[in-house]
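Asker: Generate a structure from the sequence data that follows.
(one chain, ligands or ions: 2)
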Amino acid sequence: MAELHPDIERVVFSEEDIAAIVEKMGREITEEYADKNPLVVCVLKGAVVVMADVMRAIRAPLTIDFMAVSSYGDATSSSGVVRILKDLDSRIEGRHVIIVEDILDSGLTLSYLINMLQSRGPASVEVAAFLVKDVDDRDCSVVPRFVGAHVPNEFIVGYGLDYAERYRNLPYIGVLKPECYS
Ligand SMILES: O=P(O)(O)OC[C@H]1O[C@H](OP(=O)(O)OP(=O)(O)O)[C@H](O)[C@@H]1O
Ligand SMILES: Nc1nc2[nH]cnc2c(=O)[nH]1
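Answerer: Ligands and ions are numbered 1, 2, ... in the order given. From the prediction side, this is the model:
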């Protein structure tokens, strides 16, 4: 087990928890997409870690692509104004697209992305969200087809998730000590 980072107050998902969630998501996606050759899209930067794990847990042919977006907001919330920093390399017309996200919080980022991708004529667009935060004010238009696990409404880091670009490389997911927020 990895040594606990001194800034982490509490672990929410251990490496073992994460591995089990990844396998479950991989199994579910494999069952539904075995014959569909999906395009699995990673939303950078946060989803890069879950993407690397989940794509290897999908036992079916697929291709991958990446988008980089930036949501305007402060370090712990997004505003819904999304800027595309890197678009897909692939055309998605007629393709079954699965967007892999590390976390669904307000839903603003995904809502924007889904609308944008839908306008390009894919066969389908679904979301695989590793974590879904239990919040009251979610944009209800976003309903992930695949959910890894639910988390309470608190800010978490690790396994791709950052605070001010730090902590993405922690192999577990946890809550920061209050004194670590600046
Ligand atoms: O549901 P929402 O409230 O929109 O929040 C979810 C988004 O927030 C995080 O990204 P962030 O904008 O922090 O960028 P990052 O992926 O580069 O960390 C996360 O990776 C999701 O993309
Ligand atoms: N790091 C991090 N990014 C987020 N984006 C939306 N919710 C969260 C969260 O809880 N942690």
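
Asker: Alongside ligand 1, which residues does this protein contribute?
Answerer: 43, 45-47, 71, 78, 101-109, 162 (CB under 6 Å from any ligand atom). No exception for glycine: its C-beta is placed from N, CA and C like everyone else's.

Asker: Run through the helices of this protein in chain order.
Answerer: Using DSSP state H, the helices assigned to the chain run over residues 15-33, 48-57, 108-118.

Asker: With mean neighbour count added, can I get those in TSV?
Answerer: What follows is those, written out as TSV (neighbours: other CB atoms under 10 Å):
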stretch	mean neighbour count
helix 15-33	17
helix 48-57	19
helix 108-118	19
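
Asker: on that earlier part again, between the residues of the chain next to ligand 1, which is closest to Ala149?
Answerer: Ile103 (10.4 Å; CB to CB).

Asker: Number of residues surrounding that closest one?
Answerer: 21 (other CB atoms under 10 Å).

Asker: shouldn't it be in contact with Ala128?
Answerer: No: contact criterion CB atoms under 8 Å: Ile103 and Ala128 do not qualify, at 11.8 Å.

Asker: quick one, what contacts Ile18?
Answerer: By CB atoms under 8 Å, 6 or more residues apart in numbering, Ile18 lies in contact with Asp53, Tyr159, Pro171, Tyr172, Ile173.

Asker: before we move on, what about Val132?
Answerer: Counting by CB under 8 Å, 6+ apart, Val132 touches Ile103, Leu104, Pro144, Val147, Gly148, Ala149, His150, Val151.

Asker: Next one: the nearest residue to it once chain neighbours are set aside, what pLDDT does it get?
Answerer: Once flanking residues are discounted, Val132 sits nearest to Leu104: 4.8 Å by CB to CB, 6 or more residues apart in numbering. For Leu104, the model assigns a pLDDT of 94.
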